[in-house]
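Undergrad: Coordinates only, no sequence provided:
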């Protein structure tokens with residue numbers, strides 16, 4: 001049975017990304033990788049993710065990059081400002097973002113990924 005094309009978006013050296021890569025490999029799921037820190041983050045793609053998941057789900061407030069922002073930039077965020085921040089600093093996007101036809105997940109959760117990528121299995 002052919003696998004749906006899966007793309008994992010994130011930053012190569014992130015520990016959570018490494019766990020996600022290992023999990024996909026262990027499941028025998030072929031995937032493409034888009035390193036949005038090295039290759040950039042497309043505004044249209046990010047806006048699509050925000051439309052599907054909400055900016056709050058995508059913005060990594062716990063990360064060092066976000067925490068180092070001046071308080072004035074962190075306070076009172078709205079969708080437009082959050083998108084602008086994530087485009088300038090892609091490391092502010094939670095990772096990984098897993099995209100496949102009909103599937104868009106943020107963060108690594110083996111159970112959720114298994115359910116989404118192998119429905120009924």
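TA: Arrived safely. Since the model is a prediction, treat every value here as computed from it, not as a measurement.

Undergrad: Contacts only, for the spatially most central residue of the chain.
TA: Using Cα atoms, centre = their mean, the residue of the chain that lies closest to the mean C-alpha position is residue 97, 2.4 Å off. Applying Cβ atoms under 8 Å, 6 or more residues apart in numbering, one finds that residue 97 lies in contact with 8-10, 49, 58, 104-106. C-beta coordinates here come from the backbone N, C-alpha and C atoms, glycine included.

Undergrad: Now the two most distant members of those.
TA: Comparing every pair within the contacts of residue 97 by Cβ to Cβ identifies 8 and 58 as the most remote, at 14.7 Å.

Undergrad: Can you list the buried residues in stretch 66-84?
TA: Neighbour-count burial for stretch 66-84, counted by 16 or more other Cβ atoms under 10 Å, picks out 66, 77, 82-83.

Undergrad: Next, format those as TSV and append secondary structure, distance to residue 16 and pLDDT.
TA: Formatted as TSV, the entries for the buried residues of stretch 66-84 read as follows, by DSSP: H, G, I helix; E, B strand; the rest coil; distance: Cβ to Cβ, whole Å; pLDDT from 0 to 100:
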residue	secondary structure	distance to residue 16	pLDDT
66	helix	15	93
77	coil	22	94
82	helix	20	96
83	helix	22	97
